[in-house]
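I'll drop the sequence and a predicted model, then ask my questions.
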Amino acid sequence: MVNGDSENPGTASSVGSAPLSSRAAVKAAIGAVATTTASVIPVFLVGGLVVQISGELRFSPAGLGLAVALYFGAGAICSLPAGWLVERYGDRLTSRAGVLLSALSMLAVAALAHSYLTLVIIMMVGAAANSLGQLSSNLSLARQVPGIVRDCRSGEAVRHPARHAAHRSGGAHHRADRGWRWVFVVVAGLALLVLPLAPRGPRPPIRAAGAR
């Protein structure tokens with residue numbers, strides 16, 4: 001009887017906790033995809049509307065390549081402080097900061113990008129949103145989807161749809177002959193809808209004053 005009593009609660013607990021763990025993993029995966037998509041979409045939106053943008057701002061396809069290269073270069077540099085911020089403040093805050101910064105960069109393109117140089121500067125500043133979104137999504141997956149952490153290919157399979165969705169969204173308006181700036185405004189609004197789906201991981205523990 002003692003053995004039976006000790007085994008039944010454990011069995012019930014494990015069965016009851018499995019759906020909760022699975023549900024949390026699904027939410028984490030959805031939040032990671034949504035956050036990554038919203039964070040990286042500005043660069044794909046510029047690529048999808050390059051015909052209209054380059055016609056107004058007067059730059060060549062080589063100029064687009066340079067702008068994209070500088071965007072991802074700035075993102076690589078921003079990944080260093082972004083990694084510290086994600087570890088310090090957690091995925092809950094930094095994922096939302098990435099989405100907000102991405103939306104602000106798209107609004108800045110719509111309102112302020114009246115020259116090629118201005119467009120490149122705004123894109124480089126907005127690259128920080130991509131770094132925050134990527135790293136906060138990685139942290140969320142690492143904490144709540146341990147199976148994905150053990151298999152890097154599975155983690156890539158979760159994040160790949162986000163980049164594909166951003167690419168599709170960026171090219172969805174390639175026939176917009178007029179008002180490309182309004183496309184940035186609309187997509188910025190859509191990016192803000194991702195905020196409720198962003199990761200909701202626990203707050204990181206407070207480190208000691210002398211901790212490295």
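Sure, I can see it.

mind checking pLDDT for R58?
At R58, the model reports a pLDDT of 93.

which one is it nearest to, not counting chain neighbours?
Counting by CB to CB, 6 or more residues apart in numbering, Y116 is the residue found nearest to R58 once chain neighbours are left out, at 7.0 Å. C-beta here means a position set from N, CA and C on the backbone, and glycine is covered the same way.

dump the residue contacts of that neighbour.
Y116 makes contacts with 57-59, 63, 67, as judged by CB atoms under 8 Å, 6 or more residues apart in numbering.

which pair of those residues spans the longest distance?
Spanning the widest gap among the contacts of Y116 are R58 and A67, at 13.3 Å by CB to CB.

more crowded one of these two?
Remark: of R58 and A67, A67 carries more neighbours, 22 against 10, as counted by other CB atoms under 10 Å.

got a pLDDT number for that one?
96.

that one and A111: what is the separation?
With the distance defined as CB to CB, to the nearest Å, A67 ends up 18 Å from A111.

ranges for the helices of the protein?
Using DSSP state H, the helices found in the chain span residues 2-48, 50-57, 61-112, 116-144, 146-150, 152-171, 180-192.

now A67. Nearest residue, chain neighbours left out?
What sits nearest to A67 in space, not counting adjacent residues and going by CB to CB, 6+ apart, is V120, at 5.0 Å.

just to revisit the earlier point, between the helices of the chain, which has the poorest mean confidence score?
Among the helices of the chain, helix 152-171 carries the lowest mean pLDDT, a mean of 48.

T37 reaches L193, doesn't it?
No: checked against CB atoms under 8 Å, the pair T37 and L193 is beyond contact range at 11.2 Å.

who's more crowded, these two?
Higher neighbour count among T37 and L193: T37, with 27 against 12, using other CB under 10 Å.

and the nearest residue to G31 once chain neighbours are set aside, how far from K27?
Once flanking residues are discounted, G31 sits nearest to P199: 4.6 Å by CB to CB, 6+ apart. For P199, the distance to K27 equals 9 Å [CB to CB].
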